[in-house]
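> sequence and predicted model, in that order:
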Amino acid sequence: MVILRIDARSADCQSASASKLAQKPFREACATGSSRLSKEDSTAVSIFLVATRPPCEFHFVRFRFCVQKFLLFFPDTSEHPMILQTNFPNLKLLSRGKVRDIYDLGDHLLIVASDRISAFDVILPQGIPHKGRVLTQISVYWFKQTADLIENHLVSANVDEFPEECRQYASDLLGRSMLVKKTQPLPVECIVRGYLSGSGWNEYKQTGAVCGIKLPAGLVESAKLDTPIFTPSTKAEQGVHDENITFARTVEIVGQERSQQLRDFSIAIYQRGRDLAESRGIIIADTKMEFGMRDGKLMLIDELMTPDSSRFWPMEGYQPGGPQPSFDKQYVRDYLLSINWNKKPPAPDLPVEVVRTTSEKYLEALERLAV
């Protein structure tokens, strides 16, 4: 796995215990999501930070991040199993989405990201190890990075700061939950595209436009657009496909002034994320955002620029003219397309290798961003 193995190889180890981080038991624990580390192995993580003389600041920052996140992403599975569904009897369950379980706490919501994964609007039988924690940590990072652009709903991701009634479930909430302000979600999803891919590419091939926005002729799949475009969609019920809509249709749904706000904020947030991600070697090709209203104010809600709501591509090897490698669930979609699944429930089982590789891709996105 990328997260700690990179640093174990690049750093100048001063201790035999520290060098164990690059050995097989640790790599297996990272790859499978199940901890096989003894107490001695775990102690080596702490020793490694002290015993290492990093050749440059980059490696030190990367490793410091890994140590801080070690307990979140590689806990002992007997205490922190992969979570496909939460069950908190003393809390009021508001809804279960394709990934998140949402609990009503009165003026606030508790959002818990499970390890469920969906494709083509169908929830798959297997979960992806570490996925819920990756999504939550990345969302928290972007909420903080964009807070100067627009207020968001995040109150805290620290379980110790959650209401008392939540803390009895701390072991399940650790790293994968957010306490947020309750809002009234707007009935459109705000998609920004900086590159031509997915449904946008399919629509362009047929009409030369995306959501009514005319684009230059001769563009190829995965081409970078001159400027990002705002291409909203309807917010469909679970199991129903969202529908791309024009800006004019958005105006009909939420009004002219609100539509302009959604467009302007969405593009500004995307540009902020795009530039930061590119500095870490990631292309955010497109992303989906949601907004809500609270006390008459527009607020950024839900998740933000995660591998579930965005297309993440590695900058190295980027070549327009076809599909790109990714750090998101496109790997799962590609597998399901390869077996000619009809995209209807029940979904087929995922092979162990597909589950493992998908988990690695999510974790690599997190490591690259160094959240």
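Yep, it's here.
> E316: neighbour count?
By the measure other CB atoms under 10 Å, the count of residues near E316 is 8. (Each C-beta comes from the backbone N, C-alpha and C, glycine too.)
> quick check: phi and psi at it.
phi -70, psi 130 (degrees, to the nearest 10).
> close enough to count as contact, L110 and F162?
Yes. Here L110 reaches F162: they are 7.1 Å apart, a contact under CB atoms under 8 Å.
> these two: who's more crowded?
The residue with more neighbours, out of L110 and F162, is L110; 25 against 21, by other CB under 10 Å.
> show me what the helix or strand containing K361 is packed against.
Element membership of K361, judged by DSSP states H and E, is helix 352-369. Packed against helix 352-369 by the contact rule (3 or more CB pairs under 8 Å, 6 or more residues apart in numbering; DSSP states H and E) you find helix 2-10, helix 24-32, helix 57-73, helix 131-145, strand 282-294, helix 330-338.
> find residues that contact each of L110 and F162.
Any residue near both L110 and F162 by CB atoms under 8 Å, 6 or more residues apart in numbering counts here, and that gives 173, 177, 179.
> which of those residues fall within strands?
177, 179 (DSSP state E).
> where do the strands of the stretch 51-200 of the chain begin and end?
52-53, 92-96, 100-104, 108-113, 118-119, 122-123, 154-156, 177-181, 184-185, 188-195 (DSSP state E, counting those that start in this stretch).
> quick one: contacts for the closest residue to E161 other than its chain neighbours?
In space, E161 comes closest to L179 once its chain neighbours are excluded; the distance is 7.1 Å by CB to CB, 6 or more residues apart in numbering. Residues near L179 by CB under 8 Å, 6+ apart: 105, 108-110, 154-157, 161-163, 166.
> also I117?
Contacts of I117 (CB under 8 Å, 6+ apart): 99, 123-124, 126-128, 131, 329, 332, 358.
> surely A365 meets P307?
Yes. In this structure, A365 is within contact of P307 by CB under 8 Å, at 5.2 Å.
> shared neighbours of those two, anything?
In contact with both A365 and P307: 134, 138, 327-328, using CB under 8 Å, 6+ apart.
> thinking again about what came up before, mean pLDDT and distance to L300 added to the strands of the stretch 51-200 of the chain, as a markdown table?
As requested, the strands of the stretch 51-200 of the chain are exported to a markdown table (pLDDT from 0 to 100; distance: least, CB to CB, whole Å):
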| stretch | mean pLDDT | distance to L300 |
| --- | --- | --- |
| strand 52-53 | 32 | 38 |
| strand 92-96 | 97 | 19 |
| strand 100-104 | 98 | 16 |
| strand 108-113 | 98 | 14 |
| strand 118-119 | 94 | 23 |
| strand 122-123 | 95 | 26 |
| strand 154-156 | 98 | 9 |
| strand 177-181 | 98 | 11 |
| strand 184-185 | 98 | 11 |
| strand 188-195 | 98 | 9 |
